[in-house]
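J.: after the sequence you'll find the predicted model.
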Amino acid sequence: MKNLFITIFTILSVASVGTYMSLPEKKSVVPIIYWVTDANPERVRQVEVFEKWQIDNGHLGPDGGPAVKVMVDTDNGGHKKIIQGVSGVAADVMDIGGNQLNYFKQMGFLENITEIAEEKGFSYKTTWPAISELLTEVNPETGLREQYLYPCNIGASALWVNKNAFTRLGLEPPSTLITIEEFEKLAKEFSKRANEGLKSKKFFISANIERSILARGEGVSMFNETMTSTNLLHPSYIESNKRYIRWINEDRILPSPSDMASFSSESGYGGGNIQLFMKGNFATTYTGRWGLIAMRRSGALDLDVIVPPHNGFPNTKAGTRAAAVYKGSKHKKEAYLFMEFLASREYSQTIIDGADAMPPLPESTKDDSYSKPAKYPSEWAVHDKCADFLAKYAIVSEDSPYVLGTVCERYEAKAYDKALNKLDSLENAYEEAHSLIEKEIQYNLEQNKALSKQYDEDLLLQAKIDEYRKAGKKVPLSWIKNPFYQRYYAAMGWLTEEGK
């Protein structure tokens, strides 16, 4: 038995040495950094461009090749990324999406890149202002903005229009800035003409337009100005979502969940919104510039892009897939070089060419290669509009420091589904959701005394804002924590001169 254990130990030892020696780091003459990102095939090309960019800019290894190599890791996202981060073994560079900066920063494994970003040219100031709050946080002790992320790409979703779907019915396609009233009128007429005598169903718009954008178009956000409480009980928020339900259940200009299920079974390949848009089931679809990746596979359409319908405040959502440097990385210098590459014209060009959302550098959208891609003349009407929408109308999601966004979204969605399926009134359902979110906030405050102190201060600010607005007085910008209301108050002229 003893000899058996010795034999097994010897075999495992030899195998482990062989595995160790076969690791990429052992075969490379230059450092290798790992990049946790999505499985988009464009990542392969971006790594190739990174290597060429290094050579062109004099970042050379001992063999005359690039000074750094990148291994793309698509298997360790989500919870694995978190587990590895807190365990001290995460990738050198990792993608973080949406409003997740605060969530990941609290775990303590994101590097503060403020100084090196300024020095090396990948400061958040070089990219689109609309997403600066997704890349940075204000230090409560110093009052200074600190940077933790740099964007890999930027999203600003809008309504994409198949103009042929309208002209073949004798209708004018929707205008760039269409009001709710105009939208409803056109949608009802389209549905009437498009479905006349047909067994198949055609809808004016796909099912995935964000209800929060429509509510913002009414001048109301899910959270109040200081993000201390929800606006689920606000009359405009309720009316906006009631209208959305009418569009599905009564007007039939939006597909219901059962409609989408039937499309999926008919399509044979998932029945996604963009595929259904390309097939003609939808006249418009809500997506970002990245939707062109799928559209280009299906052939040319006569395309346009418009801002989602509004009732006085045109807007859309801004988001990003951004890169962070792991605090425990053994190759920070090399990781910073990769971040520098993300802020280069060469990298932005890969995003432009691949239609992988919007590029990090705003100035790169001034080139003809962005506005008028030679291979895709049917797209020439949309690219400049995408850049214009991101610059003028895109606002990030509100992210309350007092409750996780995913928790709020879950409660809100559950309440909405109750009303959609006629299990309860929207007022009752939202009242329950509001109560549950308030309980989550109070629980979080009990666990964090510093947060509780900030909350008490913000409550006082909210009371002052409410008092000032009731009296018709303007308020300072510094009082408002919700990014939507910062923009909305400015547009409405409700800020003091110092806040403009």
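T.: That came in fine, so what should we check first? Just so you know, these numbers come straight off a predicted model, no measurement behind them.

J.: domain parsing of this protein, as residue ranges.
T.: The record's domain parsing of the chain by automatic domain parsing lists 24-154+319-396, 158-217+236-315.

J.: please enumerate the strands of the stretch 151-300 of the chain.
T.: 158-162, 177-179, 203-205, 282-287 (DSSP state E, counting those that start in this stretch).

J.: paired strands for the third one, with orientation please.
T.: Here strand 203-205 has these sheet partners by DSSP bridges: strand 282-287 (parallel).

J.: could you dump the strand it pairs with to CSV, C-alpha only?
T.: C-alpha atoms of strand 282-287 as CSV (Å, rounded to 0.1, in the frame of the first residue of the first chain):
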residue,chain,number,x,y,z
PHE,A,282,-41.6,44.6,-35.8
ALA,A,283,-41.5,47.9,-37.5
THR,A,284,-39.2,49.4,-34.8
THR,A,285,-36.9,47.8,-32.3
TYR,A,286,-35.2,49.1,-29.2
THR,A,287,-31.4,48.5,-29.3
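
J.: so how far is it from its chain's centroid?
T.: 18 Å (CA atoms, centre = their mean, to the nearest Å).

J.: now the angle from it to strand 158-162?
T.: Interaxial angle, strand 282-287 versus strand 158-162 (axes from the mean of the first three to the mean of the last three CA atoms, to 10 degrees): 150 degrees.

J.: show residues contacting strand 282-287.
T.: Contact with strand 282-287 is made by 157-162, 165-166, 174, 190, 194, 202-206, 208-210, 273-274, 276-277, 291, 306, 308, as judged by CB atoms under 8 Å, 6 or more residues apart in numbering. Quick note: C-beta positions are derived from backbone N, CA and C, even for glycine.

J.: and the residues you listed, which of them are buried?
T.: Buried members of those, scored by 16 or more other CB atoms under 10 Å, are 157-162, 165-166, 174, 190, 194, 202-206, 209, 273-274, 276-277, 291, 306, 308.

J.: could you check the pLDDT of the most centrally placed residue in the chain?
T.: Note on the chain: the residue nearest the mean C-alpha position is Gly319, at 2.9 Å, using CA atoms, centre = their mean. Predicted confidence (pLDDT) for Gly319: 94.

J.: can you pull the contacts of the residue nearest to it when sequence neighbours are not counted?
T.: Once flanking residues are discounted, Gly319 sits nearest to Gly155: 4.4 Å by CB to CB, 6 or more residues apart in numbering. Gly155 makes contact with 288-290, 317-321, 357-358, according to CB under 8 Å, 6+ apart.

J.: output the below-cut-off pLDDT ranges for this protein.
T.: By pLDDT under 70, the weakly predicted segments of the chain are 1-27, 76-79, 198-200, 264-271, 498-500.

J.: which strand in it runs the most residues?
T.: Identified as the longest strand of the chain according to DSSP state E is strand 316-325.

J.: next helix or strand past that strand?
T.: Per DSSP states H and E, the first helix or strand lying C-terminal to strand 316-325 is helix 332-342.

J.: what's the angle between that next one and strand 316-325?
T.: If you take the same axes, to 10 degrees, helix 332-342 sits at 150 degrees to strand 316-325.

J.: would you mind measuring from the residue nearest to Gly319 to Glu438?
T.: 31 Å (CB to CB, to the nearest Å).

J.: also Thr37?
T.: 37 Å.

J.: compare neighbour counts for the two and give me the winner.
T.: Applying other CB atoms under 10 Å to Thr37 and Glu438 shows that Thr37 carries more neighbours, namely 22 against 15.

J.: run through the residues that contact the more buried one.
T.: Residues near Thr37 by CB under 8 Å, 6+ apart: 43, 72-74, 77, 94-95, 152, 321.

J.: what are the bridge partners for the closest residue in space to Leu390 that isn't next to it in sequence, then?
T.: Closest residue in space to Leu390, ignoring its immediate chain neighbours: Ala156 at 3.9 Å, by CB to CB, 6+ apart. Beta-bridge pairing of Ala156 under DSSP bridges involves Ala318.

J.: so what's Ala156 up against?
T.: 130, 288-289, 316-319, 358, 386, 389-390, 393-394.

J.: now do the SS call for the residue nearest to Tyr326 when sequence neighbours are not counted.
T.: Of all residues not flanking Tyr326 in the chain, Ala90 sits nearest, at 4.6 Å (CB to CB, 6+ apart). Judged by DSSP: H, G, I helix; E, B strand; the rest coil, the three-state class of Ala90 is coil.

J.: isn't Ser212 right up against Ser397?
T.: Yes. Look at Ser212 against Ser397 with CB atoms under 8 Å: they come within range, at 7.5 Å.

J.: hey, where'd the helices end up in the stretch 1-150 of the chain?
T.: Taking DSSP state H, counting those that start in this stretch as the criterion, the stretch 1-150 of the chain contains helices spanning 2-22, 24-27, 42-56, 78-87, 101-105, 114-120, 132-135.

J.: about what we covered before: could you measure from the residue nearest to Leu390 over to Gln486?
T.: In terms of CB to CB, Ala156 sits 17 Å off from Gln486.

J.: can you check Pro41 too?
T.: 38 Å.

J.: between these two, which one's more packed in?
T.: When Pro41 is set against Gln486 and neighbours are counted by other CB under 10 Å, the residue ahead is Gln486, at 19 against 8.

J.: which residue ranges of the stretch 351-500 of the chain form helices?
T.: Using DSSP H, counting those that start in this stretch, the helices of the stretch 351-500 of the chain run over 368-371, 383-392, 405-420, 426-447, 449-470, 483-492.
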